[in-house]
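1. Sequence first, then the predicted structure:
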Amino acid sequence: MTERDFVLNEFSKNLEGGKYSWSSPSNIALVKYWGKKENQIPANPSISFTLDACKTNTTITLSKKKTNTDFSFEVYLDGQQKDDFKPKIISFFSRIVTYVPFIKEYHFKIETINTFPHSSGIASSASGMSALALCIMSIEKELTNDISDMYFYKKASFLARLGSGSACRSIEGELIVWGHHDKIEGSSDLFGTKYPLETHSNFKNFHDTILLVDKGEKQVSSSVGHNLMHDHPYAEKRFSQANNNLSRLISVFKDGDLSTFIEIVESEALTLHAMMMTSIPYYILMKPNTLEIINKIWKFRKESGLHICFTLDAGANVHVLYPEDESEVIYEFIKSELVANCQNGHYICDRIGFGAKQLPI
């Protein structure tokens, strides 16, 4: 599919108002997306686990305007009006208006609630933008009355990507690929797709315990970090590495090879942060307790023989990944040895989820 396939040229139904609500999860990348081209196109493909508990619930209430010259909306987080969110939503609407021109015809009340703390290091932009995109697609579906489920979710992912790149991986589950890869049929730079190849039972019901090392705002935003890849001396090697690691994961997922999975996932996490530390300007988002947790995980894995590993997003917090059949022992280790390194002892228990859901009104 191309961008043209997502342009809405006409719609038959007149809609005076309405209310639509979706719950959409966050996700955690195994192969990292870092660096992008114009229009939110990724410089390399990525693959992620969709999460379950960490999600955003968004409700849009719309009313018809008399004129359709400007975007009109108000946005609330946890019941409090958030005008500081407006610039990001204006940017999002500006990017998607070609594909959903009806958004200029309505005033929107956008109400959103996260099931996890804002700025906790969980990708709230991924869950938030995907939930918003799904609400907008519900409006389109009502206006046209002629959208297949496949098109609905592909376009929702396409729109979400234009708000936040990783948001396109939050529409469906369990494993989602974003970015064209020669060995994965149907993969696309334009939207996320469900991983279509064989997946061993070892990777079903995987757990993700998120250790909140630092709940403050990041000193360097992800948007700035992505832009620093344009002139990065190691960028091309990094993009090639990501493609190779995704190729390697194909056989890993098929065979259930947890040891190689751990090697790839941890290498990807450390490479992500290595790119930050070697950009100009350089910066470090990991904290001392991040490294303390990583070293404790390595020591425990060596001593126990269990398949525990870590990954990191663009921040200090640690995602601890482990399979269902080893979860009881590993969770006890997390509580007894790792939680002390979290800010105020805070952590979140999550696991693989199955994508967004429409909520009743």
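-> Thanks, I have it.
2. Tell me, how many residues neighbour residue 182?
-> 10 (other Cβ atoms under 10 Å). C-beta coordinates here come from the backbone N, C-alpha and C atoms, glycine included.
3. Check the one 4 residues further on too.
-> Number of residues near residue 186 (other Cβ under 10 Å) recorded here: 13.
4. which residues does it contact?
-> Under the criterion of Cβ atoms under 8 Å, 6 or more residues apart in numbering, the neighbours of residue 186 are 193, 196.
5. Is it part of a helix or strand, or is it coil?
-> coil (DSSP: H, G, I helix; E, B strand; the rest coil).
6. Repeat that for residue 140.
-> Residue 140 ends up helix, using three-state DSSP.
7. List the buried residues in the biggest strand by length in the chain.
-> Across the chain, the strand with the greatest residue count (assigned by DSSP state E) is strand 46-64. Neighbour-count burial for strand 46-64 flags 46-62 (criterion: 16 or more other Cβ atoms under 10 Å).
8. and what of stretch 292-305?
-> Quick answer for stretch 292-305 (16+ other Cβ under 10 Å): 292-294, 296-297, 300-301.
9. for that stretch, what is the average pLDDT?
-> Stretch 292-305 shows a mean pLDDT of 98.
10. now it, how far from the chain's geometric center?
-> 27 Å (Cα atoms, centre = their mean, to the nearest Å).
11. what's in contact with that stretch?
-> Counting by Cβ under 8 Å, 6+ apart, 211, 213, 262, 306-310, 318, 320, 329, 333, 337-338, 341 sit against stretch 292-305.
12. what about 10 Å?
-> The contact list for stretch 292-305 (Cβ atoms under 10 Å, 6 or more residues apart in numbering) reads 211, 213, 262, 266, 269-270, 286-287, 306-310, 312, 316-318, 320-322, 326, 329-330, 333-334, 337-342.
13. just checking, next helix/strand downstream of the longest strand of the chain?
-> strand 72-77 (DSSP states H and E).
14. Pull up the pairing partners for that following strand, direction included.
-> If you go by DSSP bridges, strand 72-77 pairs up with strand 80-81 (antiparallel), strand 106-114 (parallel).
15. export these to a markdown table and tack on distance to residue 68?
-> Shown next, in a markdown table, are these (distance: least, Cβ to Cβ, whole Å):
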| stretch | distance to residue 68 |
| --- | --- |
| strand 80-81 | 24 |
| strand 106-114 | 8 |
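16. Go through the ones you listed and name the closest to residue 135.
-> strand 106-114 (8.1 Å; Cβ to Cβ).
17. Give me the angle between the closest one and strand 46-64.
-> 130 degrees (axes from the mean of the first three to the mean of the last three Cα atoms, to 10 degrees).
18. Quick check: buried residues in whichever strand or helix holds residue 29?
-> Secondary structure from DSSP H and E places residue 29 in strand 17-31. Of the residues in strand 17-31, 18, 20-31 count as buried by neighbour count, 16+ other Cβ under 10 Å.
19. For residue 18, see how far away the residue lying closest to residue 16 once chain neighbours are set aside is.
-> Nearest non-adjacent residue to residue 16, counting by Cβ to Cβ, 6 or more residues apart in numbering: residue 64, 4.9 Å away. Distance check for residue 64 against residue 18: by Cβ to Cβ, to the nearest Å, it reads 10 Å.
20. joint contacts of the two?
-> Shared contacts of residue 64 and residue 18 (Cβ under 10 Å, 6+ apart): residue 106.
21. How is this structure partitioned into domains?
-> Per automatic domain parsing, the structural domains of the chain span 3-197+354-358, 204-351.
22. winner for burial among these?
-> Most buried of the domains of the chain by mean neighbour count (mean count of other Cβ atoms under 10 Å) is domain 3-197+354-358; its value is a mean of 19.
23. what's the first-to-last distance across that domain?
-> End-to-end distance for domain 3-197+354-358: 25 Å, by Cα to Cα, to the nearest Å.
24. Same check on stretch 139-158?
-> 16 Å.
25. give me phi/psi at residue 82?
-> phi -130, psi 80 (degrees, to the nearest 10).
26. swap in residue 310?
-> Dihedral angles (degrees, to the nearest 10) for residue 310: phi -120, psi 160.
27. Could you do residue 190 as well?
-> Dihedral pair for residue 190: phi -90, psi -20, per degrees, to the nearest 10.
28. any idea how far residue 105 is from the residue nearest to it when sequence neighbours are not counted?
-> Excluding the flanking residues, the one nearest residue 190 by Cβ to Cβ, 6+ apart is residue 158, at 5.4 Å. As judged by Cβ to Cβ, residue 158 and residue 105 stand 21 Å apart.
29. One more: residue 268?
-> Residue 268 is 43 Å from residue 105, by Cβ to Cβ.
30. Please enumerate the strands of this structure.
-> 17-31, 46-64, 72-77, 80-81, 106-114, 175-178, 192-194, 207-211, 309-312, 318-322, 347-351, 357-358.
31. can I get these in JSON lines with distance to residue 141 and mean pLDDT?
-> JSON lines is the format used below for the strands of the chain (distance: least, Cβ to Cβ, whole Å; pLDDT from 0 to 100):
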{"stretch": "strand 17-31", "distance to residue 141": "9", "mean pLDDT": "97"}
{"stretch": "strand 46-64", "distance to residue 141": "13", "mean pLDDT": "97"}
{"stretch": "strand 72-77", "distance to residue 141": "20", "mean pLDDT": "95"}
{"stretch": "strand 80-81", "distance to residue 141": "28", "mean pLDDT": "94"}
{"stretch": "strand 106-114", "distance to residue 141": "15", "mean pLDDT": "96"}
{"stretch": "strand 175-178", "distance to residue 141": "22", "mean pLDDT": "98"}
{"stretch": "strand 192-194", "distance to residue 141": "19", "mean pLDDT": "98"}
{"stretch": "strand 207-211", "distance to residue 141": "32", "mean pLDDT": "97"}
{"stretch": "strand 309-312", "distance to residue 141": "35", "mean pLDDT": "98"}
{"stretch": "strand 318-322", "distance to residue 141": "34", "mean pLDDT": "98"}
{"stretch": "strand 347-351", "distance to residue 141": "30", "mean pLDDT": "96"}
{"stretch": "strand 357-358", "distance to residue 141": "10", "mean pLDDT": "98"}
